[in-house]
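>>> Based on what follows, work out the 3D shape:
(chains A and B, ligands or ions: 2)
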Amino acid sequence: MTSAELIRRRRQDVGPAIESVSEPVPGKVRMAVAPGAVVSVAKALYRDHGARFLVTAGIDSREGGNGFEVDHIFSLDKDKIFFILRTSAAAEEPEVPAITPEVPAAAWAERELQDLLGVRVEGLPDGRRLILPDDWPEGVHPLRKDMKYGDWPPLGDENAEESYPWKQAPEGTSTVVIGPYFPVLEEPTQLRLFVDGERVIDCDYRGFYNHRAIEKMGDSELTYNEIPFVSERICGICGFIHSSCYCETAEEAMGIRAPRRARYIRSLMLEIERIHSHLLWTGIAGHILGFDTVLMQTWRMREPLMWLCEKITGNRQTYGMHIIGGVRRDISEECYPEILAVVGKIEQEWIQFYDAVQGDTTLKARLVGVGMLPEETAKEIAVLGPTARGSNWDIDARADHPYAAYDEVPIRVITHPDCDNWARVVVRLEEVLESVRWVREGLKQMPDGPIMASDIPEEVPAGQWGVCTVEAPRGEAIHYVLTGGDNRPDRWRVRAPTYNNLQALPSMIKGETIADVPIILGSMDPCFSCTERVEVVNVRSGEAERLDYQELLARSRAATERLRGRRGGRPWQ
Amino acid sequence: MIISKLKEALICLKAGRVTLPYPFAPHDPEDGFHGRVVVDAEKCVGCGGCAEVCPPRCIEVTDPSPEKRVLEFFLERCTYCARCAEVCPEDAVIVTKEFETATNDLEDMHMRVEVFMSTCRRCGRCYEPPTPLDRMMVTGFRPPTGESEGA
Ligand code: SF4
Ligand code: SF4
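Ligands and ions are numbered 1, 2, ... in the order given. Predicted structure coming up:
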């Protein structure tokens, strides 16, 4: 289906409710509809056209007199179309109808909209707080423009944490709390498992303990060319995908395109990043399973690649290679043989490794048939990346919405039909080999030429937009940029793949044993830190002093206040 | 089962010992590595270009008097991106290979450069075109002049 056909069909359905349609770049459609029609259009996209829900972006347009705007972003993967469904809400007491009942994947995005922009989503099945902390005051919404970056509202109810409306444990089950601090996974997340014996019956989730307000910084403090460096810090392992995605999106919004050589360099680095990320993940997975040889060996194989990154970009991680319009550093031809040698060595060792673990029955006993995620469930929750491809769903941004150089050197999408832990392992193992193939092919076809676009405008008009996805090692990331005045975006929306994948956890661990939860979640140690007490040993006297929950909380708050005072409320001053 | 274990053992044996003796033997990074930056005070003309582009904004420019401009680098926040060196029209910023910057004293990460600014009384312009500003390698968007801290 073409985008014209799609628009025509929507006009037939809800004709008079359509307020405007724009398509600045072929295949990227934004349709504004009256709030009354948004649910039926979303439903038609999802049910009739098989569109995949990506994310919702809320925009505070009260200054321009447009109240709040809410953009639901969909992708029609096989037709290579992005469809943005826009609706608006009044400036006072904003409210939009929920699409979650029709499009289940929108659950978190709509809860986030309520939290951060204060747009009430009417009819949301689960309207609890998702992102804002428990003691955040009611009625303060950080992404609204009248809240300045660095403002700290007075705290709300100090004991709110105890009254968070957790799901009730089903009859006859006990609750096992895991988190919020993990010894293995570096992200704080809290899971409450409701278990009967050792079987997990259900679970509840609370996360976002470490929200960094990067989007807020992007539309209130940073400038266009500073964002690539900050966006790269969204992820400590695959940061390059975020700066690539932001640059591709911003370039689209500004109507420029990076030169061919720059696009090849982007793709090349993205594939190198995927290789080292998958190697790292394999090591961690082995570690969680108690098989540390895997950790040692995969990380040993990975190290020369990290040195190669350092040689190409100057940094081992967070390369800082991007600015809008291209890349900052060229790859010299003398470097080509070394790149080929390093990835060649990895390929050779990886085939050996793959062959060895394939026959390892101990490993497979923990992985095969565990953590099932059937294809339909995967589609309903809209999981991404190897998690989706391990459930036999062939989505991959590199193939569906080619960016950088993937239109010229395509990638083979790897899927596996088994829908279990092992399937996800196999997808990643094979993707390493596919990435090695791409690096070879990419280097062979790498064109000569400039690495920066020459037609970069000095001023960017406000009100233009772009949307792009990039396939990260963990799944697809999406960036959405609306240009604004002041040399910075009016709104910069980012969604990383784990946002979607985490939502699939409840269905993946349902019915499994507690012992399998860590592997299913990728990496979670069942021993969790004492969240309510901490022991402080006075070094000088050697005496142990116990702090209870309230005292600890009071001390943490005092420390936060001190930091705020010192920095005048702005983290970088 | 046994065969796979043997194969796994073989991978380990073949790799042997790979750990480097660092820090007992030095391990120098490759050329082009982004280490700590230093400024050559002789070359710096005080244009402030580096401060304009530094993503974490760790370079501060102040003018205590019309003749003097002070550049302060708070390198504890430096991200080693080398943007400052890239845009400097005088090649005054040098990216060294120094990476062992861990310290107990924050002062170790501060760098202060004082530049004497002479102003031409007649035209207010110090340079024949192209001026260092014209030669600055800034491409694309930058903050409106004067927006950076202190300037
Ligand atoms: S290297 Fe980057 S972060 Fe460090 S001072 Fe220079 S511009 Fe700033
Ligand atoms: S860009 Fe170079 S010349 Fe200009 S202030 Fe910075 S160090 Fe000095």
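
>>> what residues are up against the nearest residue in space to residue A:319 that is not next to it in sequence?
Distances taken as CB to CB, 6 or more residues apart in numbering or on different chains place residue A:313 nearest to residue A:319, at 3.7 Å, with adjacent residues excluded. Backbone N, C-alpha and C define where each C-beta goes, glycine included. Residue A:313 makes contact with A:269, A:319, A:320, A:321, A:329, according to CB atoms under 8 Å, 6 or more residues apart in numbering or on different chains.

>>> one more time with 7 Å, if that's ok
Residues near residue A:313 by CB atoms under 7 Å, 6 or more residues apart in numbering or on different chains: A:319, A:321, A:329.

>>> what's the helix or strand for residue A:107?
According to DSSP states H and E, residue A:107 maps onto helix A:107-117.

>>> Can you name every helix or strand that that helix contacts?
If you count contacts as 3 or more CB pairs under 7 Å, 6 or more residues apart in numbering or on different chains; DSSP states H and E, helix A:107-117 packs onto strand A:52-60, strand A:120-122.

>>> Tell me how many other residues surround residue A:288.
Counted with other CB atoms under 10 Å in any protein chain shown, the neighbours of residue A:288 add up to 20.

>>> May I have the phi/psi pair for it?
The phi and psi values for residue A:288, taken as degrees, to the nearest 10, are phi -70, psi -30.

>>> And for the one 10 residues further on?
Main-chain torsions, residue A:298, degrees, to the nearest 10: phi -70, psi -40.

>>> okay but it is in contact with residue A:282, surely?
Yes: using CB atoms under 7 Å, residue A:298 makes contact with residue A:282 at a distance of 4.8 Å.

>>> how about low-confidence regions in the chain?
Since you didn't name a chain, this refers to chain A. For chain A, applying pLDDT under 70 flags the ranges A:182-187, A:523-549, A:552, A:556, A:559-573.

>>> um, chain B though
B:118-151.

>>> Close to ligand 1: what parts of it are there?
For chain B, the contact set with ligand 1 under CB under 6 Å from any ligand atom comprises B:37, B:54-56, B:58-59, B:73, B:78-84.

>>> Now do the closest residue to residue A:13 other than its chain neighbours against residue A:85, distance only.
Counting by CB to CB, 6+ apart, residue A:13 lies nearest to residue A:44, which is 6.2 Å off, once chain neighbours are set aside. Distance of residue A:44 to residue A:85, computed by CB to CB, to the nearest Å: 10 Å.

>>> Kindly report the same for residue A:434.
34 Å.

>>> mind listing what the spatially most central residue of chain B touches?
Nearest to the mean C-alpha position of chain B, by CA atoms, centre = their mean, lies residue B:37 at 3.9 Å. Contacts of residue B:37 were listed using CB under 7 Å, 6+ apart, and they are B:78, B:84, B:85, B:93, B:94, B:95.

>>> Which residues lie in contact with the closest residue to residue A:190 other than its chain neighbours in this structure?
Leaving out its chain neighbours, the residue that sits closest to residue A:190 by CB to CB, 6+ apart is residue A:179, at 3.7 Å. Shown in contact with residue A:179 (CB under 7 Å, 6+ apart): A:188, A:189, A:190, A:191, A:528.

>>> Just give the number of residues close to the first one.
Meaning residue A:188. 14.

>>> Show the contacting residues for it.
Residues in contact with residue A:188 (CB under 7 Å, 6+ apart) are A:179, A:180, A:181, A:182, A:209, A:210.

>>> Walk me through the domains of chain A.
Using automatic domain parsing, the domain parsing of chain A gives A:1-145, A:214-522, A:534-566.

>>> What's the end-to-end length of the first one?
Right, the one you point to is domain A:1-145. In domain A:1-145, first residue to last residue: 38 Å (CA to CA, to the nearest Å).

>>> Confirm residue A:73 sits in a helix?
No: per DSSP: H, G, I helix; E, B strand; the rest coil, residue A:73 lies outside any helix segment and is strand.

>>> Write down the beta-bridge partners of it, one by one.
residue A:55, residue A:84 (DSSP bridges).

>>> Point out the residues in chain A that sit beside chain B.
Residues of chain A lying near chain B by CB under 7 Å from any CB of the partner chain: A:223-226, A:229-230, A:293, A:297, A:300, A:310-311, A:314-315, A:320, A:323-325, A:328, A:352-353, A:355-357, A:359-361, A:452, A:456, A:487, A:572.

>>> Confirm that residue A:192 sits in a strand.
Yes: assessed with three-state DSSP, residue A:192 lies in a strand.

>>> count of neighbours near the closest residue to it other than its chain neighbours?
Spatially, and ignoring its direct neighbours in sequence, residue A:192 is nearest to residue A:204 (4.6 Å; CB to CB, 6+ apart). Counted with other CB under 10 Å, residues neighbouring residue A:204 total 20.

>>> Next, residue A:204: secondary structure please.
Residue A:204 is classified as strand under three-state DSSP.

>>> Verify the contact between it and residue A:169 for me.
No: here residue A:204 does not reach residue A:169: they are 8.9 Å apart, not a contact under CB under 7 Å.

>>> for the spatially most central residue of chain A, what are its contacts?
Taking CA atoms, centre = their mean, the centroid of chain A lies closest to residue A:496, which sits 1.0 Å from it. Neighbour list for residue A:496: A:234, A:235, A:477 [criterion: CB under 7 Å, 6+ apart].

>>> element containing the last one, please.
By that I understand residue A:477. strand A:475-483.

>>> Whichever residue of the stretch 401-550 of chain A sits closest to chain B: what secondary structure?
In the stretch 401-550 of chain A, the residue that lies nearest chain B is residue A:456 (4.4 Å; CB to the nearest CB). Assigned with three-state DSSP, residue A:456 falls in the coil class.

>>> That one and residue A:256 touch, don't they?
Yes: here residue A:456 reaches residue A:256: they are 5.9 Å apart, a contact under CB under 7 Å.

>>> Now do the shared contacts for these two.
With CB under 7 Å, 6+ apart, residue A:456 and residue A:256 have common neighbours residue A:325.

>>> And the strands in chain B?
Along chain B, counting by DSSP state E, strands occupy B:37-39, B:59-65, B:68-74, B:93-95, B:110-116.

>>> Just name the most buried of these.
Across the strands of chain B, the average number of neighbours (mean count of other CB atoms under 10 Å in any protein chain shown) peaks for strand B:37-39, which reaches a mean of 21.

>>> Could you confirm whether it reaches ligand 2?
Yes: applying CB under 6 Å from any ligand atom, one finds strand B:37-39 in contact with ligand 2 at residue B:39.

>>> what are the pairing partners of that strand, and which direction each?
According to DSSP bridges, strand B:37-39 has these partners: strand B:93-95 (antiparallel).

>>> quick one: the strand it pairs with to chain centroid distance?
6 Å (CA atoms, centre = their mean, to the nearest Å).

>>> Just the residues contacting that strand, thanks.
With CB under 7 Å, 6+ apart, strand B:93-95 has contacts from B:34, B:35, B:37, B:38, B:39, B:40, B:50, B:82, B:84, B:85.

>>> The fourth one: what's it in contact with?
To tie it back to what came earlier, the one meant is residue B:38. By CB under 7 Å, 6+ apart, the residues touching residue B:38 are B:94, B:96, B:111.

>>> switch to 8 Å and redo it
B:93, B:94, B:96, B:111.

>>> Could you do the first one as well?
Applying CB under 8 Å, 6+ apart, one finds that residue B:34 lies in contact with A:314, A:315, A:320, B:80, B:81, B:82, B:95.

>>> so which residue of the stretch 201-350 of chain A comes closest to ligand 2?
residue A:225 (15.6 Å; CB to the nearest ligand atom).

>>> how near is that residue to residue A:219?
Distance check for residue A:225 against residue A:219: by CB to CB, it reads 15 Å.

>>> Please apply the same query to residue A:445.
Noted for residue A:445: a distance of 38 Å to residue A:219, by CB to CB.

>>> Now residue 110: closest residue in space, sequence neighbours ignored.
This is for chain A. Residue A:110 sits nearest to residue A:121 (CB to CB, 6+ apart), 4.6 Å away.

>>> my bad, chain B
With CB to CB, 6+ apart, the residue lying closest to residue B:110 is residue B:74, at 6.1 Å.
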